[in-house]
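A.B. asks: Pasting a predicted model and its sequence here:
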Amino acid sequence: MIPDRLSQSILSAVVGAVALGLALGLALAPAAAQGAPVRKSHAEMVRDVIDTFIMPRVEALSARTAELEAAVAKVCSEGGSEAARKAAVSAFGDTVRAWGGLDFVRFGPVSRQNRLERMLFWPDPRGFASRQLNGLLAARKPELLQPGGLARQSVAVQGLPALEILLFSDKIPLGTGTDEAARYRCAMAAAIAANMRAIAGEILSGWTGDDGYRMKMLAPGSDNPLYRDSTETVREVAKAMAMGIELSRDRFILPELTAVTAAAAPRRVRLAFESAGLTGAYVEASLHALEELFGTLGLAAYVPADKPWMTAFLPNAWKSVLADVAKLDTLRARERGSDAHLHVLRKMRFELSGIRQIIFKELAPNAGIEMGINALDGD
Amino acid sequence: MRSMAIDRRQFLIGATVLLGTARGALWPAHGASTPARDAAAFAGSATYASAARRADGSYAVLLLGEDGSILREIPLSARAHDVTVDPATGRAVVFARRPGAFALAFDVAGARPPELFAPPPDRHFYGHGVFARDGRLVYATEHDVDTGDGVIGVYDANGGWRRVGEFPSYGIGPHELILLADGRTLAIANGGFGSDPATGRESIDIAGMEPNLAFVDVATGALAARHGLPAEINLLSLRHLAADARGQVWFGGQWQGGLEDAPALIGCASLEKPIALLDQEASAGMALRGYIGSVAVSAGGRLIAASAPRAGRIVYVDTSTRNVVHEVALADGCGVAAHGAAAFAISSGHGDVRFEAAGDAAPREQRFPGTEFDNHLRRL
């Protein structure tokens, strides 16, 4: 909280310095304006985000979960062979990455029937997923393994964290045991994967078709109770950008910083997908997707005329964030809490805060996308 | 975690000292104003208070005059949420927003330096608190980080803001709490979900939400009544409260599910009567974008204003007929507070303070470009 304020002042200072530097250099480079990107209308932004960003990712999630379902089923049918487990682990990673690139899009079909929490129950500070799962494994109810059986259970046991527990347990490699408990365990993993495939399928079908969410967003109007005009739909998609930046910060950077900067006996904060070793892959997928979303929105075309330095600042900030996130897993594994580790975390927080500030204080308003502090981030 | 919180508190205590010594330098209002206005502020004529973010990105509590002019500014180290005031002494407390690590007590008239206090390391504030009727205690909504339970922390307003006790909020995620006219019953909106300071503002277990409105006896901390929602709308987080002239407690909710499924967001209950949502057309919740940012009661106690900043709308509800009787459009309008006998002042994230007039008279407006009024506007 306090350091945020600090980073804000640093940001102001940097922003000022960059502005000065660019103002001096800009006179020599008037050509930059000629290659200025096209300014999209709100309706174009929404259409492009839906058709080139959201829909491909929703389809990919559906495909990845189908592969995961098949792969986990194979682990059980092949008695937990090394090859089958490897394939399932790989399919799990692909699903995590697919979800990471999409989970900040929190409107539409994913917001209904707890689909978001059923795919990824997180944060889970009190280990609810593990406790609930252990309860189910102990009870061994056969009906939970039937199609749709898990969908009525706690959201904590329905998705990625529960499958991670089963797939990445060192004690009992999934599918290897022959007793009833081990067989049930594997069948439960397969049922969770099947459940995720079903959820991803519901998300996909919720977006598609004549009465799907895609059409609802593409056709705002007085007869559309969800969206009256494209100022509302564009706010919805732009908000996903803010959500994604906040999630990356709150889910990865903040807990890590909290854990490694606390002077004594820090509370160990779990990060998502640590057991699977996919923490970095997940946040990397999110940040790459966010950069793509930023590009798809076309907001860079709305750099205010009096702040041309932002044109160069933004791609550099994204580049820095994406380079840093790629280092995080290694730093955490080899030198957790080192100066280098802290530096990367703080730099990421700084860059993300700068990106967020420029998008929502400068570019979005300049593009007529008005989102105040209360609408965007109230409580 | 513990030491982190202590570090933070030490920093904050440092900030208090700074405020104390640099008071003369910091006191004069920012966006201000004239010497006459400043003098008026010191005489205690501030009428409204609101947390805000200033144009330079810094945070503050702003004290506003009856006409909406900014009379004084108290700098804060982070974003705050709501203010509670003891009208008898003119003391007020502003709470950091969820997950909040500090509260700042200040003197509305500016005669005494502000005092900072913090929740224990294993608690965080939710952004709201309320003075006891005699002004000696402040009750704050808090989260027990280890158990996830909601608690009401009790702070000694005359004893250096020492935390002298706590009692349960009888739910998870207590947000706003108000003291009813009897002076001994707290109405607490248990929003239904918590957050962990280590993971910022991420909501924990939305799917498991069971929000409720709890009535608690402050003398004993005992539960007097608790009203929940029908299970099918348990994703409606009960958040902000105001009591009308007849003692009914009105709430504004925030829907955590899909917009298409949003129920009515405004309703009321009392000690004896369960929750009744406004009887509106099915799309009412959707039209308000599933989100009420704050509620306030008019001076006469007949009207309730509920703001929907995501829709840029503020609706007035007649508490006797339970009908929406008026609507105001204001982009990012969120803070609402009584103004005149039957109207409201509304603040927005775009720097507007708008005074609605009763009847057909035109509203008055003050604009503070660059200032973002944050969530609540409190009449002092």
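C.D. replies: Right, received. Where do you want to start? Numbering: from 1, shown residues only, chains lettered A, B, ... in the order given.
A.B. asks: And the helices in the stretch 1-150 of chain A?
C.D. replies: A:2-26, A:42-48, A:55-77, A:82-100, A:115-119, A:128-139 (DSSP state H, counting those that start in this stretch).
A.B. asks: What are the neighbouring residues in contact with the closest residue to A:T178 other than its chain neighbours?
C.D. replies: Spatial nearest neighbour of A:T178, excluding adjacent residues (C-beta to C-beta, 6 or more residues apart in numbering or on different chains): A:G79 at 7.9 Å. Every residue, glycine included, has its C-beta placed from N, CA and C. A:G79 makes contact with A:G175, A:T176, A:T178, according to C-beta atoms under 8 Å, 6 or more residues apart in numbering or on different chains.
A.B. asks: Could you export the helices of the stretch 1-150 of chain A to JSON lines, including columns for distance to B:L303 and mean pLDDT?
C.D. replies: Output for the helices of the stretch 1-150 of chain A, formatted as JSON lines (distance: least, C-beta to C-beta, whole Å; pLDDT from 0 to 100):
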{"stretch": "helix A:2-26", "distance to B:L303": "38", "mean pLDDT": "45"}
{"stretch": "helix A:42-48", "distance to B:L303": "35", "mean pLDDT": "98"}
{"stretch": "helix A:55-77", "distance to B:L303": "45", "mean pLDDT": "98"}
{"stretch": "helix A:82-100", "distance to B:L303": "46", "mean pLDDT": "98"}
{"stretch": "helix A:115-119", "distance to B:L303": "37", "mean pLDDT": "98"}
{"stretch": "helix A:128-139", "distance to B:L303": "43", "mean pLDDT": "97"}
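A.B. asks: any idea which of these is most buried?
C.D. replies: Comparing those by mean neighbour count (mean count of other C-beta atoms under 10 Å in any protein chain shown), helix A:115-119 ranks first with a mean of 24.
A.B. asks: how about low-confidence regions in the stretch 201-350 of chain A?
C.D. replies: Scanning the stretch 201-350 of chain A for pLDDT under 70 picks out A:262-268.
A.B. asks: Please repeat the previous calculation with a cut-off of 90.
C.D. replies: A:250, A:254-270, A:332, A:336-337 (pLDDT under 90).
A.B. asks: And the helices in it?
C.D. replies: A:213-218, A:230-248, A:254-261, A:279-297, A:310-335, A:339-358.
A.B. asks: Reformat those helices into CSV and put mean neighbour count and distance to B:R98 next to each item.
C.D. replies: Formatted as CSV, those follow (neighbours: other C-beta atoms under 10 Å in any protein chain shown; distance: least, C-beta to C-beta, whole Å):
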stretch, mean neighbour count, distance to B:R98
helix A:213-218, 20, 30
helix A:230-248, 22, 13
helix A:254-261, 21, 14
helix A:279-297, 21, 23
helix A:310-335, 17, 26
helix A:339-358, 19, 19
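A.B. asks: about what we covered before: out of the helices of the stretch 1-150 of chain A, which is closest to A:A317?
C.D. replies: Proximity to A:A317 (C-beta to C-beta) singles out helix A:2-26 among those, at 10.0 Å.
A.B. asks: Around chain B, which positions in the stretch 101-250 of chain A sit nearby?
C.D. replies: Applying C-beta under 8 Å from any C-beta of the partner chain, we find that the stretch 101-250 of chain A lies next to chain B at A:107-109, A:111-114, A:116-118, A:121-126, A:128, A:154-156, A:225-226, A:246-247, A:249-250.
A.B. asks: show me the contacts for the residue nearest the centre of chain A.
C.D. replies: With distances taken as C-alpha atoms, centre = their mean, A:G100 lies nearest the centre of chain A, 3.7 Å away. A:G100 makes contacts with A:A281, A:Y282, A:V283, A:E284, A:A285, A:S286, A:A289, as judged by C-beta under 8 Å, 6+ apart.
A.B. asks: again, but for B:D146
C.D. replies: So B:D146 contacts B:D122 (C-beta under 8 Å, 6+ apart).
A.B. asks: and it, how far is that from A:A259?
C.D. replies: For B:D146, the distance to A:A259 equals 16 Å [C-beta to C-beta, to the nearest Å].
A.B. asks: what number of residues lie near residue 195?
C.D. replies: Chain wasn't specified; assuming chain A. If you count neighbours by other C-beta atoms under 10 Å in any protein chain shown, A:N195 ends up with 26.
A.B. asks: nope, chain B
C.D. replies: Using other C-beta under 10 Å, B:S195 has 23 neighbouring residues.
A.B. asks: Which residue, neighbours along the chain excluded, lies closest to it?
C.D. replies: With sequence-adjacent residues excluded and distances taken as C-beta to C-beta, 6+ apart, B:S195 is closest to B:P99, at 5.1 Å.
A.B. asks: sorry, back to before: and the helices of the stretch 1-150 of chain A as TSV, adding distance to A:L363?
C.D. replies: Shown next, in TSV, are those (distance: least, C-beta to C-beta, whole Å):
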stretch	distance to A:L363
helix A:2-26	14
helix A:42-48	12
helix A:55-77	23
helix A:82-100	24
helix A:115-119	27
helix A:128-139	38
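A.B. asks: Looking at the ones you listed, which is nearest to A:L204?
C.D. replies: Ranking these by proximity to A:L204 (C-beta to C-beta) places helix A:55-77 first, at 4.5 Å.
A.B. asks: Report all helices and strands that that closest one contacts.
C.D. replies: If contacts are counted by 3 or more C-beta pairs under 8 Å, 6 or more residues apart in numbering or on different chains; DSSP states H and E, helix A:55-77 sits against helix A:82-100, helix A:180-207.
A.B. asks: what separates B:F373 from chain A, distance-wise?
C.D. replies: 8 Å (C-beta to the nearest C-beta, to the nearest Å).
A.B. asks: let me fix that: B:G192
C.D. replies: Using C-beta to the nearest C-beta, B:G192 is found at 13 Å from chain A.
A.B. asks: give me the element that residue is part of.
C.D. replies: According to DSSP states H and E, B:G192 maps onto no helix or strand at all.
A.B. asks: Test my guess that it contacts B:N234.
C.D. replies: Yes: counting by C-beta atoms under 8 Å, B:N234 is a contact partner of B:G192 at 7.1 Å.
A.B. asks: More neighbours: those two, which one.
C.D. replies: Comparing B:G192 with B:N234 by other C-beta under 10 Å, the one with more neighbours is B:G192, at 30 against 19.
A.B. asks: tell me the pLDDT at the more buried one?
C.D. replies: Per-residue pLDDT puts B:G192 at 98.
A.B. asks: how close does it sit to B:H81?
C.D. replies: 18 Å.
A.B. asks: got it, and A:K327?
C.D. replies: Distance of A:K327 to B:H81, computed by C-beta to C-beta: 36 Å.
A.B. asks: can you count the residues close to the nearest residue in space to B:A308 that is not next to it in sequence?
C.D. replies: Excluding its sequence neighbours, the residue lying closest to B:A308 (C-beta to C-beta, 6+ apart) is B:L288, at 3.8 Å. Other residues within reach of B:L288, judged by other C-beta under 10 Å, total 27.
A.B. asks: what's the overlap in contacts for B:G192 and B:N234?
C.D. replies: Joint contacts of B:G192 and B:N234 (C-beta under 8 Å, 6+ apart) are B:M209, B:E210, B:P211.
A.B. asks: which one of those sits closest to B:R133?
C.D. replies: Distances from B:R133 to the shared contacts of B:G192 and B:N234, taken by C-beta to C-beta, are shortest for B:P211, at 26.7 Å.
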